[in-house]
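K.L.:
my questions are about this predicted structure, shown below with the sequence.
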Amino acid sequence: MSSSHLQIAWIGLGRMGAPMTAHLVEAGHTVRGVDLNPAAAAAAAAGGVALAASVADALQGATVCITSLPKPAHVREVYGGADGIFAHATPDMILLDTSTVDVETSRWCHTEASARGLTFVDAPISGGTAGAEAGTLTFMLGGEPADVARVTEIVAPMAGNVISCGDAGAGIAAKLVNNMMLFINVMAMSEGSQLAEELGLDAETFWRVASVSSGSSWAMRTWYPVPGVLEKAAANNNFAPTFSVDLALKDCGLALAAGEQVGVHLPAATLAHAQLAQLADEGLGGKDCTLVARLATPDGALRGYDPALDATPAHV
């Protein structure tokens, strides 16, 4: 962790941004943040973030700007818009994006920043909301070695692992491949959990077996989709989102697009994407992505999920 104080601008204070900024504040840094969602902004403020009125306001006096945004279009607008980061950043700032975007958008950020004499590092993350809260996220960095070294120190209070993945765009490429594997693992875990249920196995006992055996995965150890097994799993909260169907569908689609560009065949990821799309088409895009377990059950009913408790599913 860096001992020196930093003034950090943070754009996008959502489910990941709020706990991540709290770790930076706890490390002794000043964070000025902005978000269009008042509830998200209020949650970050409760963690010590000083709220800014605009991107330009957040950047005043900052030497670091971090973005955490839902989609590639948001990243391009926040960076390149008329009142965006590129319009107000100064050469002494280091810009890093933790969002999950397509490789082209990340490379665009690098190219546009370089053309303006600015420093940019792609810095996507893995670990979900649990990792954000615990400060154990994995950061995958892409950029010039000296810039990556600076960012490694900056993100340390939020990270369990910081890995330099290579040149511009390498961090986001690693993230897309990683998330694609996650969604395939979610599908495998979903089918396995429901087969175990129908075969009469005790859910916690089977989880204990699989978690130390060849069926294990990060998804299974963290998100097991049966209530009463893992305290923070969405299955205990009517599948309220820790990682929403909508965001998973977006990320999986980006991975499929990358595969198409380089000619790699991705049949398992294609099926995972189709299952997420089915949930989204049913109006369940705001639920947790582990709700795909419902598609494995004999009758479409899933223990831990009561559709009657969903008034109007909110997309996230």
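P.N.:
Noted; the coordinates are in hand.
K.L.:
from here on, just use CA atoms for contacts and neighbour counts.
P.N.:
Will do.
K.L.:
domain-wise, how is the chain divided?
P.N.:
Residue ranges for each domain of the chain read 7-167, 174-309, as given by automatic domain parsing.
K.L.:
mind listing the helices for the protein?
P.N.:
17-26, 38-46, 55-59, 72-80, 85-88, 103-115, 128-134, 145-155, 170-198, 203-211, 218-223, 245-262, 267-281 (DSSP state H).
K.L.:
just name the most buried of those helices.
P.N.:
Per-stretch averages of neighbours, counted by mean count of other CA atoms under 10 Å, single out helix 17-26 among those, with a mean of 24.
K.L.:
still on that earlier bit, mind putting the domains of the chain into a markdown table with mean pLDDT?
P.N.:
Converted to a markdown table, the domains of the chain look like this (pLDDT from 0 to 100):
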| stretch | mean pLDDT |
| --- | --- |
| domain 7-167 | 96 |
| domain 174-309 | 97 |
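K.L.:
which residues are in contact with Thr30?
P.N.:
Thr30 sits next to His5, Leu6, Gln7, Ile8, Leu24, Val49, Ala50 when contact means CA atoms under 8 Å, 6 or more residues apart in numbering.
K.L.:
so where's the longest strand in the chain?
P.N.:
If you go by DSSP state E, the chain has its longest strand at strand 159-166.
K.L.:
got the contact list for it?
P.N.:
Counting by CA under 8 Å, 6+ apart, residues outside strand 159-166 touching it are 135-144, 148, 152, 156, 171, 174.
K.L.:
now the helices of the chain in a markdown table, with distance to Ala233?
P.N.:
Shown next, in a markdown table, are these (distance: least, CA to CA, whole Å):
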| stretch | distance to Ala233 |
| --- | --- |
| helix 17-26 | 18 |
| helix 38-46 | 21 |
| helix 55-59 | 34 |
| helix 72-80 | 28 |
| helix 85-88 | 36 |
| helix 103-115 | 30 |
| helix 128-134 | 10 |
| helix 145-155 | 26 |
| helix 170-198 | 13 |
| helix 203-211 | 13 |
| helix 218-223 | 5 |
| helix 245-262 | 15 |
| helix 267-281 | 18 |
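K.L.:
to Arg294, which of the ones you listed lies closest?
P.N.:
helix 170-198 (8.0 Å; CA to CA).
K.L.:
starting at the chain centroid, how far to that closest one?
P.N.:
Its chain's C-alpha centre and that of helix 170-198 lie 14 Å apart, by CA atoms, centre = their mean, to the nearest Å.
K.L.:
run the angle between it and helix 245-262 for me.
P.N.:
120 degrees (axes from the mean of the first three to the mean of the last three CA atoms, to 10 degrees).
K.L.:
got a winner among the contacts of strand 159-166 for most neighbours?
P.N.:
Counting by other CA atoms under 10 Å, Leu141 has the largest number of neighbours within the contacts of strand 159-166, with 34 neighbours.
K.L.:
could you measure that residue against Ala27, distance?
P.N.:
21 Å (CA to CA, to the nearest Å).
K.L.:
then Leu276?
P.N.:
38 Å.
K.L.:
same check on Ala280?
P.N.:
39 Å.
K.L.:
again, but for Tyr224
P.N.:
32 Å.
K.L.:
between the two, who's got more neighbours?
P.N.:
Tyr224 (27 against 18).
K.L.:
OK, contacts around the more buried one?
P.N.:
Met189, Ser190, Ser193, Trp207, Leu230, Ala233, Ala235, Thr290.
K.L.:
can you put these in TSV and add distance to Gly200?
P.N.:
Listed next are the contacts of Tyr224 as TSV, based on distance: CA to CA, whole Å:
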residue	distance to Gly200
Met189	17
Ser190	16
Ser193	11
Trp207	13
Leu230	19
Ala233	21
Ala235	19
Thr290	21
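K.L.:
between these, which sits nearest Gly117?
P.N.:
Thr290 (42.9 Å).
K.L.:
thought that closest one was touching Ile184?
P.N.:
No. Assessed by CA atoms under 8 Å, Thr290 is found out of contact with Ile184, at 11.1 Å.
K.L.:
nearest spatial neighbour of Phe183, skipping sequence neighbours?
P.N.:
The spatially closest residue to Phe183, leaving aside those adjacent along the chain, is Ala272, at 6.2 Å (CA to CA, 6 or more residues apart in numbering).
K.L.:
who touches the one you found in this structure?
P.N.:
Phe183, Ile184, Met187, Cys252.
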